[in-house]
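J.: sharing a sequence plus its predicted fold:
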Amino acid sequence: MLEPHKLIIEFVSFYQAATTEERRIGTAALIFDELEPDLRLFIFGKVHPNDAEDALQETFKAILRSLDSFRGTTGREFWAWCYQIARKKIVDHFRASSRVQFKKDEMARLIRLSTRSETLSVEDRMDLKYAMDLLEKCKPGCRDLLWNRFVIGLSHAEMGGEFSSKPEAVRMRVNRCLSVMRKLLGE
């Protein structure tokens, strides 16, 4: 039996070499089955549950459309490539929607989901819960800024466009919010 990372790269190679549409579709389904659980957790952890399914589908469509252009040779390279596409689709989602707000109940649900995942260690889950509790103590404006910057992964420029501010102004606001967080850590 092949290791999961080797198996996925075999599927990708088979997909790229397939000469019939039927084989490509069948292989794409195998690739989807391998990617779906981890990408679902990744996307649902960053996008509102009402929109996450759409973001997941957009990610899969983008992966499938550009699968012929993937030039990596290892499963790890393929996973990194897929996660990069997923991050871009998440950013596209947030650009298209209004500002993203921190929602404690949604994060609590995702933390519970992560306990079933092998991708997060117990220590990481405890750190995540601690970070979420700290964010809850912040003022809503800081909460949203820190959430967008460090959980969603938006750049200062992307956040500036979202909040109609210059990137430098957003950077300064994020730094002030980080100062507040440091004070909370000192409690």
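T.: Perfect, thanks for sending it. Numbering: from 1, shown residues only.

J.: contact partners of the helix or strand where Arg182 lies?
T.: Assigned by DSSP states H and E, Arg182 belongs to helix 167-185. Applying Cβ atoms under 8 Å, 6 or more residues apart in numbering, the contact partners of helix 167-185 are 134, 137-139, 141-142, 145-146, 149, 155-157, 159-160, 163, 165. Using the backbone N, CA and C atoms, a C-beta is placed for each residue, glycine as well.

J.: for Glu136, what is the enclosing helix or strand?
T.: Assigned by DSSP H and E, Glu136 falls in helix 122-137.

J.: and Val47, what element?
T.: Take DSSP H and E as the rule and Val47 turns out to sit in neither a helix nor a strand.

J.: same question for Val91.
T.: helix 75-96.

J.: list the buried residues in that helix.
T.: For helix 75-96, a neighbour-count test (16 or more other Cβ atoms under 10 Å) marks 75, 78-79, 81-82, 85-87, 89-91, 93-94 as buried.

J.: over to stretch 169-181?
T.: Within stretch 169-181, the residues that count as buried by 16+ other Cβ under 10 Å are Val170, Arg171, Arg173, Val174, Cys177, Met181.

J.: closest one of these to Leu7?
T.: Closest approach between these and Leu7, by Cβ to Cβ: Val174, at 40.7 Å.

J.: on the pLDDT front, check the closest one for me.
T.: Val174 is assigned a predicted lDDT (pLDDT) of 87.

J.: how about the buried residues of helix 75-96 in JSON lines, adding distance to Leu64?
T.: Listed next are the buried residues of helix 75-96 as JSON lines, based on distance: Cβ to Cβ, whole Å:
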{"residue": "Gly75", "distance to Leu64": "17"}
{"residue": "Phe78", "distance to Leu64": "13"}
{"residue": "Trp79", "distance to Leu64": "16"}
{"residue": "Trp81", "distance to Leu64": "13"}
{"residue": "Cys82", "distance to Leu64": "11"}
{"residue": "Ile85", "distance to Leu64": "10"}
{"residue": "Ala86", "distance to Leu64": "13"}
{"residue": "Arg87", "distance to Leu64": "17"}
{"residue": "Lys89", "distance to Leu64": "13"}
{"residue": "Ile90", "distance to Leu64": "17"}
{"residue": "Val91", "distance to Leu64": "19"}
{"residue": "His93", "distance to Leu64": "18"}
{"residue": "Phe94", "distance to Leu64": "22"}
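
J.: alright, I will stop here.
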